[in-house]
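Novice: just the structure for this:
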Amino acid sequence: MIISKKRFFSSNNTLFYAITSLLILLFSLPVMAQKMIIESLSGPVTQNEINAFKAHIQNVDAPSGNGNVWVFGNGGKSIEACGLMYEVSHDRTILNRMICYCDEMLSRRNDLWPAEKGGQHIIWTGKIEPVWPSSNPDVTPAGAGIEQGDEIAHMSYCARLILSDSSLWNEKVDIGDSYQFGATYKELALKYINEGDYVIDNWIISHFIRTNQSNHYYFPGSPNTYKANEPAPWNQAWMLTNALVRLVECHLILNDDMQRISRYDAIIQPNIDWFRANVRPTKSAKGTLCYTWAYALPKGIEDTNHAAYDSEGLWIAYDSGRYKLNFDDLLPFANTYCDIVMGTVTNGKFAGRVDGTTGTGHGGGDNYVRDEYIYLAEFRPDMFMEMANTEINADKIASSIPITARLLWEKDRRYKSQKQ
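Specialist: Sure thing, here's the model as predicted:
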């Protein structure tokens with residue numbers, strides 16, 4: 001059979017344009033992040049689990065703007081998750097992604113970010129301060145408080161991971177230095193530490209440390225209007241303590257600025273002691289020692305949204321080995337979550353407050369385990385499987401970066417401890 005040239009080219013042109021149109025459509029579709037996986041809840045973390053995490057975070061961009069996206073939002077949680085997974089894997093691709101997020105966060109600090117991009121806001125002090133404004137961009141003057149410690153804690157965590165491996169120090173940062181924060185890994189770590197110290201010196205100490213009251217964390221009075229002259233809520237207090245603890249850890253590795261270390265220790269320890277002095281002992285239905293405490297002094301009951309940050313702060317201070325916290329000190333907090341909160345289920349949700357009651361809003365309860373509570377499995381290893389299966393049943397593994405990272409990190413710790 002003979003096919004005419006005209007018909008041949010017509011048919012193939014149609015096919016060519018059809019294929020081309022399909023390819024354009026495919027490449028114009030949004031890139032979907034690969035789903036994360038947990039292949040098992042025991043044994044070592046697998047390369048497949050690491051690879052799935054790496055592939056997922058490569059398609060998760062840093063959040064735009066400020067507000068509290070680097071505190072309560074996915075920005076800060078992604079930094080912490082990358083740090084935990086780097087501890088597990090020592091995979092530099094994960095460290096580089098952590099650096100990418102930290103660079104974006106630091107670059108958007110109010111005094112560093114250009115006005116045309118959304119920086120240079122006047123804060124309630126009447127000045128352009130070294131903070132990440134916690135209020136919406138259209139609010140003037142902008143809000144900021146001691147939750148600023150959370151951004152510093154994220155940066156100093158990254159710095160500590162870099163400083164803990166001297167083989168990295170003089171190597172060029174793989175992803176480059178687009179913000180001129182440091183061409184080598186050590187230079188970058190030092191930049192994060194110096195900028196963290198700068199915020200502590202020029203924002204925190206000058207406004208939020210009551211030197212005449214054991215260096216406790218208080219909000220100032222006028223012109224500040226948020227909780228004026230009141231103690232900081234505990235979750236925010238722990239965010240600041242986290243920053244100071246991690247900065248101390250960095251300075252200890254560098255063996256520099258002993259005066260600063262002493263100054264930070266003199267703030268950290270009394271605030272940890274203050275928190276511990278204001279918890280009230282109780283018992284669970286199982287008879288385990290538990291605690292209740294307030295969201296903020298002097299009264300009330302902490303909800304399980306904010307208590308997650310209290311738990312994270314307790315872990316970070318405990319893990320430093322520096323602030324008079326031992327296993328038995330943290331066990332009652334783990335009991336509180338495991339035996340009272342998880343032990344009280346109403347309409348498919350765990351209790352919304354640390355005393356086992358449930359309300360609305362932040363006290364409305366969850367049908368999953370907030371990622372920070374996974375640290376408490378360290379003190380209640382019998383509850384790790386239940387926590388993990390709760391996350392699986394709530395369909396959190398594939399897409400929740402902080403939950404999946406913390407579960408894999410705890411799985412890794414359990415496996416290594418069993419091998420010892």
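
Novice: which residues does the spatially most central residue of the chain contact?
Specialist: Nearest to the centroid of the C-alpha atoms of the chain, with distances taken as Cα atoms, centre = their mean, sits residue 77, at 3.6 Å. Applying Cβ atoms under 8 Å, 6 or more residues apart in numbering to residue 77 gives the contacts 371, 401, 402. Every C-beta, even on glycine, is put in place using the N, C-alpha and C of the backbone.

Novice: what sits against the last one?
Specialist: Think residue 402. 77, 78, 80, 81, 371.

Novice: likewise the second one?
Specialist: Going by Cβ under 8 Å, 6+ apart, residue 401 touches 36, 53, 56, 57, 60, 74, 77, 78, 81.

Novice: burial count for residue 54?
Specialist: Neighbour count for residue 54, taken as other Cβ atoms under 10 Å: 18.

Novice: thought it was touching residue 92?
Specialist: No: using Cβ atoms under 8 Å, residue 54 makes no contact with residue 92, being 10.4 Å away.

Novice: what do these two both touch?
Specialist: Joint contacts of residue 54 and residue 92 (Cβ under 8 Å, 6+ apart) do not exist.

Novice: quick one: name whatever helix or strand follows the helix or strand hosting the residue nearest to the centre of the chain.
Specialist: Following DSSP states H and E, one finds residue 77 within helix 74-89. Next helix or strand after helix 74-89 toward the C-terminus (DSSP H and E): helix 92-107.

Novice: C-alpha coordinates for the helix or strand just after that following helix, CSV please?
Specialist: Once helix 92-107 ends, the next helix or strand along the chain (criterion: DSSP H and E) is helix 149-163. What follows is helix 149-163 as a C-alpha-only set of coordinates in CSV (Å, rounded to 0.1, in the frame of the first residue of the first chain):
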residue,chain,number,x,y,z
GLY,A,149,14.0,32.7,70.7
ASP,A,150,12.5,30.0,68.5
GLU,A,151,14.2,31.3,65.3
ILE,A,152,17.5,31.6,67.2
ALA,A,153,17.1,28.0,68.5
HIS,A,154,16.6,26.7,64.9
MET,A,155,19.7,28.5,63.6
SER,A,156,21.9,27.5,66.5
TYR,A,157,20.8,23.8,66.1
CYS,A,158,22.1,24.0,62.6
ALA,A,159,25.3,25.7,63.7
ARG,A,160,25.8,23.0,66.4
LEU,A,161,25.4,20.2,63.9
ILE,A,162,28.1,21.8,61.7
LEU,A,163,30.4,22.5,64.5
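
Novice: just checking, what packs against helix 149-163?
Specialist: The helices and strands touching helix 149-163, judged by 3 or more Cβ pairs under 8 Å, 6 or more residues apart in numbering; DSSP states H and E, are helix 74-89, helix 92-107, helix 185-199, helix 234-254.

Novice: ok now it, how far from the chain's centre?
Specialist: With Cα atoms, centre = their mean, to the nearest Å as the basis, helix 149-163 stands 10 Å off its chain's centre.

Novice: cool, stretch 389-404 as well?
Specialist: Centroid separation for stretch 389-404 versus its chain: 16 Å, with Cα atoms, centre = their mean.

Novice: just give me the closest of the contacts of residue 402 to residue 313.
Specialist: Minimum distance to residue 313 across those is 12.4 Å, recorded for residue 80 (Cβ to Cβ).

Novice: give me the neighbour count for that closest one.
Specialist: By the measure other Cβ under 10 Å, the count of residues near residue 80 is 24.

Novice: I'd like to know how far it sits from residue 62.
Specialist: Per Cβ to Cβ, to the nearest Å, residue 80 is found 14 Å from residue 62.

Novice: with residue 275 instead?
Specialist: Residue 275 sits at a distance of 32 Å from residue 62 (criterion: Cβ to Cβ).
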